[in-house]
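Enquirer: this one's structure only:
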Ligand SMILES: Cc1cc2nc3c(=O)[nH]c(=O)nc-3n(C[C@H](O)[C@H](O)[C@H](O)COP(=O)(O)O)c2cc1C
């Protein structure tokens, strides 16, 4: 699928970008050395201000870069980039330049001095406002500074999952694709009465 232009969006829409729980690619940078890592443990935490939590193990290079650099971005890629998503989750930036290996292109973000990924259909830029040690992973709390999304795919929520499926992690090298949006509609009282009379 051709890459569309990402339009800047309101910070509150970061929650809607993450609503289906897709796997994201996290970028972080310190002293002009950027890195990219796959993450599944991502959660919206607050709307006002818009804040997102990301659990990162201290062994990751990304942990060090987020701690020193104080900014990070979350990039949402669709199923066509599954191999890149997987590679960034099994290789470390300590050993290999993952942008080159996974054929991902770092480009300037809107607000922060950390590159975002050109192949992403949406991205969220954050500044680190807290880091909590809660167990073997640390929870980084990021305040959303900018959001961009392709408007054909994302309005107030994800619209075109058939065309651009989101990727979810199941376990090990197994993933699932989110390919359909379905509407939950509460029937009106008349509709319920009608259904009752037809039974
Ligand atoms: C699908 C998937 C999801 C992952 N989610 C997380 C996560 O949420 N937090 C984390 O610390 N590591 C996670 N990992 C592991 C890191 O991506 C992996 O250890 C990576 O090699 C770290 O890269 P780095 O050393 O370049 O930062 C995940 C791996 C995969 C494959």
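Expert: All right, it came through fine. Bear in mind that the values here come from a model prediction, so they are computed numbers and not experimental data. Residues are numbered from 1 along each chain as shown.
Enquirer: how about the residues of the chain that lie near the ligand?
Expert: Proximity of the chain to the ligand (Cβ under 6 Å from any ligand atom) is limited to residues 23, 35, 37-41, 55-57, 60-62, 86, 89-94, 137, 169. Using the backbone N, CA and C atoms, a C-beta is placed for each residue, glycine as well.
Enquirer: if you set the cut-off to 5 Å instead, what comes out?
Expert: For the chain, the contact set with the ligand under Cβ under 5 Å from any ligand atom comprises 37-41, 56-57, 60-62, 89, 92-93, 169.
Enquirer: Kindly give a single ChimeraX line that selects the buried subset of the residues you listed.
Expert: Buried residues among the residues of the chain next to the ligand (16 or more other Cβ atoms under 10 Å), as a ChimeraX selection:
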select :37,38,39,56,60,61,62,89,93,169
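Enquirer: Turn the residues of the chain next to the ligand into JSON lines, columns for secondary structure.
Expert: Below are the residues of the chain next to the ligand laid out as JSON lines (DSSP: H, G, I helix; E, B strand; the rest coil):
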{"residue": "37", "secondary structure": "strand"}
{"residue": "38", "secondary structure": "strand"}
{"residue": "39", "secondary structure": "strand"}
{"residue": "40", "secondary structure": "coil"}
{"residue": "41", "secondary structure": "coil"}
{"residue": "56", "secondary structure": "strand"}
{"residue": "57", "secondary structure": "coil"}
{"residue": "60", "secondary structure": "coil"}
{"residue": "61", "secondary structure": "helix"}
{"residue": "62", "secondary structure": "helix"}
{"residue": "89", "secondary structure": "helix"}
{"residue": "92", "secondary structure": "coil"}
{"residue": "93", "secondary structure": "coil"}
{"residue": "169", "secondary structure": "strand"}
